[in-house]
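>>> could you look at this predicted model? Sequence included:
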Amino acid sequence: MTVSDNRIIVGSLAGAFGVKGEVRLKSFCAKPEDIALYTPLTTDDGRIFRVVVIIGQAAGALVARIEGIDTKEEADAMRGVSLYAERARLPHLPDDEYYHADLIGLPVLDTGGRELGHVRAVLNHGAGDILEVLAPDASDTVLLPFTLAAVPTVDLSAGRIIADPPEGLF
């Protein structure tokens, strides 16, 4: 995933819904329908979508009309495309909440200062966020629960995460 400092991924296109250009839209926002408030949305290749109108819901996605996508074929061709919003358009978060994009790439240290690895991704399969950490000189990742017990400190200004992982996890 490519993310610049001023863009945050807010969703992705999941293909056509119907035959008139409507799309299935996966929103990564706390309130899924808020994705329409953060326009213009951009893609990795620089395409800009200035108007997003939510018209319904489908299994696991919103249904939307997006300016510039007018046919089923155009919608299907956009399947899997990530959508980004300018950071300045997004709400400011409380001190204990973070945009996933701000965590990816940060070093993870244990409470003694030893480097455990770097955050490769932030996952959520329904039971809470999990940090996917790539340990130094390792090919496999470790899944660290993103809870206060396992991750007591996230210091964005210092650019690091302090973890107290369960025994034997690393």
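Received, thanks. Numbering: from 1, shown residues only.
>>> from Met78, how far out is the closest residue to Arg47 other than its chain neighbours?
Spatial nearest neighbour of Arg47, chain neighbours left out: Gly68 (7.5 Å); criterion: Cβ to Cβ, 6 or more residues apart in numbering. The C-beta positions use only the backbone N, C-alpha and C, and glycine is treated the same way. According to Cβ to Cβ, to the nearest Å, Gly68 stands 10 Å off from Met78.
>>> who has more neighbours, these two?
Met78 (21 against 12; other Cβ atoms under 10 Å).
>>> ok so, going back, the residue nearest to Arg47 touches Thr42, doesn't it?
No: if you go by Cβ atoms under 8 Å, Gly68 and Thr42 don't touch, sitting 11.8 Å apart.
>>> who touches both of these two?
The contact sets of Gly68 and Thr42 overlap at Phe49 (Cβ atoms under 8 Å, 6 or more residues apart in numbering).
>>> quick check: end-to-end length of stretch 155-162?
8 Å (Cα to Cα, to the nearest Å).
>>> and for stretch 25-32?
End to end - Cα to Cα - stretch 25-32 spans 9 Å.
>>> residues in contact with it?
9-14, 33-35, 38, 52, 54, 60-64, 66, 83, 100.
>>> picking up where we left off before, can I assume the residue nearest to Arg47 sits in a strand?
No: per DSSP: H, G, I helix; E, B strand; the rest coil, Gly68 lies outside any strand segment and is coil.
>>> what pLDDT does it get?
If you check Gly68, the pLDDT there is 94.
>>> which residues does the least confident helix or strand in the chain by mean pLDDT contact?
Ranked by mean pLDDT, DSSP states H and E, the weakest helix or strand in the chain is helix 100-103, scoring a mean of 90. With contacts defined as Cβ under 8 Å, 6+ apart, helix 100-103 is touched by Val3, Arg7, Ile8, Ile9, Phe28, Val119, Val122, Asp129, Leu131, Val154, Leu156, Ile161.
>>> for this protein, longest helix please?
Counting by DSSP state H, the longest helix found in the chain is helix 72-77.
>>> quickly find the element holding Tyr84.
strand 82-86 (DSSP states H and E).
>>> not counting its own residues, what contacts that strand?
For strand 82-86, with Cβ under 8 Å, 6+ apart as the criterion, the contacting residues are 1, 3, 6-13, 25, 35, 38-44, 49.
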